[in-house]
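**Student:** below is the structure, and that's it, no one-letter string:
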């Protein structure tokens with residue numbers, strides 16, 4: 001039987017962290033299934049789904065302090081289920097892309113519409129970059145969502161358009177491939 005764990009980790013960014021973590025996981029007989037990793041400020045953060053037989057998972061749990069020490073990370077492990085074991089309701093995959101001058105409240109406003117409509121966020125990335133010439137901070141966000149079959153896409157578009165006007169943004173909603 002195969003078991004699944006989520007590993008969350010954060011620590012001061014330095015070269016070699018990804019290699020240390022991947023070597024640690026695979027060296028104990030586990031497989032990395034999925035991951036998200038990014039530099040946030042001066043820190044490196046990662047979320048990783050891995051799997052393995054019970055004995056391999058137990059090795060990871062027993063030796064996790066070795067990884068924390070070697071990589072300079074704070075690590076949390078959590079039991080989870082295989083992605084295929086999660087119950088899924090009928091939904092349509094969409095991508096929301098948001099672009100505009102950076103200011104507080106953008107993520108909150110957009111995700112508020114999603115929450116109100118019981119739409120699941122499957123992936124969300126944000127960033128701020130400087131506009132050419134003016135140097136104005138420009139916010140960008142990309143969200144992969146699962147729109148339940150019961151939610152009319154036209155209603156979602158209308159509600160996002162209201163956020164677009166209120167927040168002075170450019171928001172697009174397109175079917176995901």
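**Tutor:** Received, thanks. As the structure is a computational prediction, the values presented were derived from the model and not from experiment. Numbering: from 1, shown residues only.

**Student:** what's the domain layout of the protein?
**Tutor:** Following the assignment in automatic domain parsing, the chain carries domains at 2-84, 91-175.

**Student:** can you lay out these as CSV showing mean pLDDT and mean neighbour count?
**Tutor:** All C-beta atoms are positioned from the backbone trio N, CA, C, and that covers glycine. Formatted as CSV, the domains of the chain follow (pLDDT from 0 to 100; neighbours: other C-beta atoms under 10 Å):
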stretch, mean pLDDT, mean neighbour count
domain 2-84, 96, 15
domain 91-175, 96, 14
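
**Student:** got phi/psi on the residue of the chain positioned farthest from its centre?
**Tutor:** Ranked by distance from the centre of the chain (C-alpha atoms, centre = their mean), the top residue is residue 133, with 31.4 Å. Taking degrees, to the nearest 10, you get phi 70, psi -60 for the backbone angles of residue 133.

**Student:** same question for residue 28.
**Tutor:** The phi/psi pair for residue 28 (degrees, to the nearest 10) is phi -110, psi 20.

**Student:** again with the one 4 residues further on
**Tutor:** With angles defined as degrees, to the nearest 10, residue 32 shows backbone torsions of phi -80, psi 120.

**Student:** now swap in the one 4 residues further on and tell me
**Tutor:** When quoted as degrees, to the nearest 10, the phi and psi of residue 36 stand at phi -130, psi 130.

**Student:** how about residue 144?
**Tutor:** According to degrees, to the nearest 10, residue 144 has phi -100, psi 130.
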